[in-house]
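Undergrad: fold the following for me, if possible:
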Amino acid sequence: MFKLLVLALVFAITQGTLGLTTDERKYFKARPYPEQNTGIQGTVSVDDDPRDAKVLILQSNGIPDHDTGTFPAPSNPNSIEVQSFNWRIPKNPTIQLETSCLPMGPIAMATNGVAIYNPFTIGCCDAGTEELDLFDMCTGHPSPSGQYHYHIFPKCLKDFGDFNSTIFGVAFDGFPIYGPEDEFGNELTNADLDACNGRTDTYGNYRYHITNEYPYFMGCYSGRVRKDVGNNVGSTTDCQCLEPVDVCTEFGGGGGGGPPPHPGQIIIDDPGDGAGAISANIAVLVMAASTAIFRILYE
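TA: Residues are numbered from 1 along each chain as shown. The predicted structure is shown next:
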């Protein structure tokens, strides 16, 4: 009986903290910077749900706290509008055996309250290559519904010097989104991450990581999104886009999928089920747990 309790304790320790920690939640705040098109200050909060201890409530008016382009513009007729974001995410997320696809619209929230979208355009093109000229200087732009959002690395989300290794947001399955460096300051690429753009660090914490490669923020959900997640969130079982189209014709192209990738950019061909990635994560956890158990019982 004692050994069973020890095994359960060691497994819990090696699994780490998967949801947002108290310290991570402190990063969710808007800098004092009224947005130039609306003249409105951004707001954001992350709070415990008083009616459900398993839920965190994300709230935001969706207004960025940094420079934005002038909208509407010839390249984008949409305006930036105040939103009433209210999302419910798991406080203690778990990695699922099967990943879930990313719907159109918001899939996560940045630390400044701005919506994060999947890597696709409405025509399933790679937004990181096909919409580069539609983004403003901070790599964001408004949707037809007025939601300012990011598809790719948000250049103005963090202050200089606080850029790569800290938290950038949280996905709607409850897992945090970090910058392009691991816990030791090493730059990460697709080769270091699973199909969903995440990894389990040496402390057992699962995190998504933003990179300059497709799929940028996330490629899928590793955890489960609540059915009552909130407004403007689509289905994770019947998604419009699963991977970029081979030839993008949405913007008048047709010669091979639009502009060439950025230097170092890798377009991955993922089957979408993420089975290999999840197996890799489980293997890491099992290995860490086994090592710790051996030391406790036999050393």
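
Undergrad: and Phe168, how close does it get to Pro34?
TA: Here the criterion is Cβ to Cβ, to the nearest Å. By it, Phe168 lies 22 Å from Pro34. C-beta coordinates here come from the backbone N, C-alpha and C atoms, glycine included.

Undergrad: who's more crowded, those two?
TA: Phe168 (26 against 12; other Cβ atoms under 10 Å).

Undergrad: helices along the protein, start to end?
TA: For the chain, applying DSSP state H gives helices covering 2-15, 22-25, 127-130, 275-298.

Undergrad: which ones are touching the closest residue to Thr68 other than its chain neighbours?
TA: Distances taken as Cβ to Cβ, 6 or more residues apart in numbering put Asp136 closest to Thr68, at 5.4 Å, once the chain neighbours are dropped. Contacts for Asp136 (Cβ atoms under 8 Å, 6 or more residues apart in numbering) come out as Asp67, Thr68, Gly69, Phe71.

Undergrad: okay, now the residue lying closest to Met137 once chain neighbours are set aside: neighbour count?
TA: Closest residue in space to Met137, ignoring its immediate chain neighbours: Asp67 at 6.0 Å, by Cβ to Cβ, 6+ apart. By other Cβ under 10 Å, the residues close to Asp67 number 14.

Undergrad: what sits against Asp67?
TA: Gln36, Asp136, Met137, Cys138, Cys156.

Undergrad: one step back: buried only: go through the contacts of Asp136 for me.
TA: Neighbour-count burial (16 or more other Cβ atoms under 10 Å) applied to these gives Thr68, Gly69, Phe71.

Undergrad: against Gly230, how distant is Asp192?
TA: Taking Cβ to Cβ as the criterion, Asp192 is separated from Gly230 by 32 Å.

Undergrad: looking at Ser165 now. What's its pLDDT?
TA: We have a pLDDT of 70 for Ser165.

Undergrad: Glu250 too?
TA: On the pLDDT scale, Glu250 is placed at 80.

Undergrad: so what's it closest to, chain neighbours aside?
TA: Distances taken as Cβ to Cβ, 6+ apart place Gly123 nearest to Glu250, at 3.4 Å, with adjacent residues excluded.

Undergrad: tally of neighbours for Trp228?
TA: In this structure residue 228 is Asp, not Trp. For Asp228, the count of nearby residues is 10 (other Cβ under 10 Å).

Undergrad: one step back: and the contacts of Asp67 as CSV, adding pLDDT and distance to Pro77?
TA: Shown next, in CSV, are these (pLDDT from 0 to 100; distance: Cβ to Cβ, whole Å):
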residue, pLDDT, distance to Pro77
Gln36, 96, 18
Asp136, 96, 14
Met137, 95, 19
Cys138, 96, 19
Cys156, 93, 23
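
Undergrad: most surrounded residue in the residues you listed?
TA: Highest neighbour count within the contacts of Asp67, by other Cβ under 10 Å: Asp136, with 22 neighbours.

Undergrad: and the gap between that residue and Phe175?
TA: Counting by Cβ to Cβ - Asp136 and Phe175 are separated by 28 Å.

Undergrad: repeat that for Asp133.
TA: When Asp133 is compared with Phe175 (using Cβ to Cβ), they lie 32 Å apart.

Undergrad: so which of these two has more stuff around it?
TA: A direct count of neighbours by other Cβ under 10 Å for Asp133 and Phe175 places Phe175 higher, at 27 against 9.

Undergrad: so that one versus Glu250, what's the distance?
TA: 30 Å.

Undergrad: keeping just the C-alphas, turn stretch 25-40 into CSV.
TA: Extracted in CSV, the C-alpha atoms of stretch 25-40 (Å, rounded to 0.1, in the frame of the first residue of the first chain):
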residue,chain,number,x,y,z
ARG,A,25,-1.6,34.8,-14.3
LYS,A,26,0.1,38.0,-13.2
TYR,A,27,1.4,38.5,-16.8
PHE,A,28,-2.2,38.9,-18.1
LYS,A,29,-2.5,42.7,-18.0
ALA,A,30,-2.7,45.5,-20.5
ARG,A,31,-0.1,48.2,-20.6
PRO,A,32,-1.4,51.8,-20.4
TYR,A,33,-1.7,52.6,-24.1
PRO,A,34,-5.0,53.7,-25.6
GLU,A,35,-5.3,52.2,-29.1
GLN,A,36,-5.0,54.8,-31.8
ASN,A,37,-8.0,53.9,-34.0
THR,A,38,-10.5,53.7,-31.2
GLY,A,39,-8.8,55.8,-28.4
ILE,A,40,-9.8,53.0,-26.0
